[in-house]
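K.L.:
From the sequence below, what's the structure:
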Amino acid sequence: MNLTVPKLSWTVPRQRSTLAPEGVATNVDTDPTTPEQRTWGHGTMITFWCSDILSISGWQKCSAMISLGLDWRNAIGAVLMGCLCLIIPMLANGKIGSVNRIPFPVAIRSSHGYWLSVFPIASRAIIALFWFGIQTWNGQGCMTLMITAIWPSFAHYPNSMSASAGFTSKQMIAYFVFSAFQAPLLFVHPTKLQPLFIFKSTRSIYLQAPLIPFIYLLLALCSVITASCTKVIAGKVLWSPVDVIALWDSRAAVFFAALVWAVAQMSTNISTNSISAANDLSTLFPRFVNIRRGQIIVSVVGGWCMVPWKILASATTFYNFISGYAIVLGPFAGLMASDYYFIKHQRLDVPALYDPHGRYRFYGGCNWRAIVALVVGISPNMYTVFLIKDVAKVHIGGASWIYAVSWLYGIVSASIVYTALSLLFPDKTGSLIDVAVHADDFLAEKESRANNSGTASVDYESEKGEKQSPVVGVLPVV
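P.N.:
Numbering: from 1, shown residues only. Prediction:
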């Protein structure tokens, strides 16, 4: 009997993209979704966002405000206002991918340029790595309660770690167990993840606008009221639901409550952190990383190298982390949405997004208008991030308060600057088109021409001799 040992290689097997030109390093995982892959219905899209909200970190965002000194009225008001500010750009940017069937790393090229898009893609990947670790560490708390509910002696497991480690031996054991249960889900293809969200199903994607603020408000009410009550019951504010569950006497209640939160953590972690980071990594390094390898990297780097237990050491540290990453996410979201709706009027040439020499190359692969908008949206907040006022004793007066609304400032300022520059200095490189070119139309026409000519591929040339995508069988998008 002969056994064949598979050859190991640092590079992934060569994959032929349906849209990228020959010779361009790419990955089929970033191609537009085919009709067979479109298994997420309206309900799944809504519950995808609900799963991100209904998590331990979502609870902590609200209850931590009580820990920081706010009363319940101000805390709920802040959460509701923040949600209303978030829902508009969230749905606006989500529609870009939903309509054009493309992931974020590809869609962002239309506004930033093929090569400048590396900056927002890498930034989002790093943020997702951090969040993966945070959500996994929160899951550790649930696993600790579940193990203790089964074997009460686990509560007294001896600790051999020093105080500076940031965790105990018991916590690290639970962390390993939770990671082991979560690991198999890392290899499930995104098109088969609907069961993670089935318990929160609803009917129409258009319900997202009122539904998401309602869920945020419901979660805020529960977390804020609970945190306020624990100040009386426990003598201190417990801003994590895991700490609240630990107060219960019923082992069965503790086990099942912790189990619910553990499942919530896994669904949130896989859908919004692991897959997104792996997708970003496969776009950045298509020769070496695919979705499966990307998720393994995420689990190692995000779950261990990012030391999530340090971030969650206190409510202050947690809020500093949230504010820090909001500095870059705001401008990205504002710039991408304003470009799609106000400048390109929802008309994208999807095949050209996969061509480094196509119409979205702009100048050297960068859209200079996006660079200016990002500088305006990000740079004022870097003052607080690097603590310039303490290190260099540079005083900028009231301008330091911009950091308090860093995300809102970033998204508004970047949108205004980018829109103004794009209107004053319209792009002349071909990124503005009259009709949208979707992948389905392009591939259908390509197949039709191939069948008629007996060839497998067709090249299309513009009047200038530049390789462009054909405009076939599509209507203007209004």
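K.L.:
Where does the prediction get shaky in this protein?
P.N.:
Residues of the chain meeting the criterion pLDDT under 70: 1-7, 14-17, 40-46, 49, 191, 193-208, 314-319, 322-323, 383-400, 454-478.
K.L.:
buried residues in the helix ranked longest in it?
P.N.:
As assigned by DSSP state H, the longest helix anywhere in the chain is helix 118-150. Within helix 118-150, the residues that count as buried by 16 or more other CB atoms under 10 Å are 118-121, 123-149. Where you see a C-beta, it was placed from the backbone N, CA and C, and this is true even at glycine.
K.L.:
ok, then the element right after that helix?
P.N.:
Proceeding N to C from helix 118-150, the next assigned helix or strand is helix 169-182, under DSSP states H and E.
K.L.:
That next one: how far from the chain's middle?
P.N.:
24 Å (CA atoms, centre = their mean, to the nearest Å).
K.L.:
Give me the distance between the closest residue to Gly133 other than its chain neighbours and Gly364.
P.N.:
Distances taken as CB to CB, 6 or more residues apart in numbering put Pro308 closest to Gly133, at 3.4 Å, once the chain neighbours are dropped. Separation of Pro308 from Gly364 (CB to CB, to the nearest Å): 38 Å.
K.L.:
picking that back up, tell me the gap between the longest helix of the chain and the middle of its chain.
P.N.:
Relative to its parent chain, helix 118-150 has a centroid offset of 13 Å by CA atoms, centre = their mean.
K.L.:
Start at 27, not 1
P.N.:
All set: I'll call the first residue 27, so the last point we hit is now helix 144-176.
K.L.:
Could you pull out the helices in the stretch 377-504 of the chain for me?
P.N.:
Counting by DSSP state H, counting those that start in this stretch, the stretch 377-504 of the chain has helices at residues 394-404, 408-411, 414-417, 432-450, 465-479.
K.L.:
still on that earlier bit, the residue nearest to Gly159 touches Thr162, doesn't it?
P.N.:
Yes - Pro334 is within contact range of Thr162, at 6.7 Å (criterion: CB atoms under 8 Å).
K.L.:
Can you check which residues contact both of the two?
P.N.:
Counting by CB atoms under 8 Å, 6 or more residues apart in numbering, the common neighbours of Pro334 and Thr162 are Gly328.
K.L.:
Contact partners for Ala352?
P.N.:
By CB under 8 Å, 6+ apart, the contact set of Ala352 is 432-433, 436.
K.L.:
Please disregard the earlier target; I meant Ala209.
P.N.:
Ser325.
K.L.:
Can you tell me the element Ile113 falls in?
P.N.:
helix 98-126.
K.L.:
Okay, buried residues for that helix please.
P.N.:
98, 101-102, 104-105, 108-109, 111-113, 115-120, 122, 125-126.
K.L.:
ok, Cys109 - contacts?
P.N.:
By CB under 8 Å, 6+ apart, the contact set of Cys109 is 238-239, 242-243.
K.L.:
Could you check how far it is from Met362?
P.N.:
In terms of CB to CB, Cys109 sits 20 Å off from Met362.
K.L.:
Great, nothing more from me.
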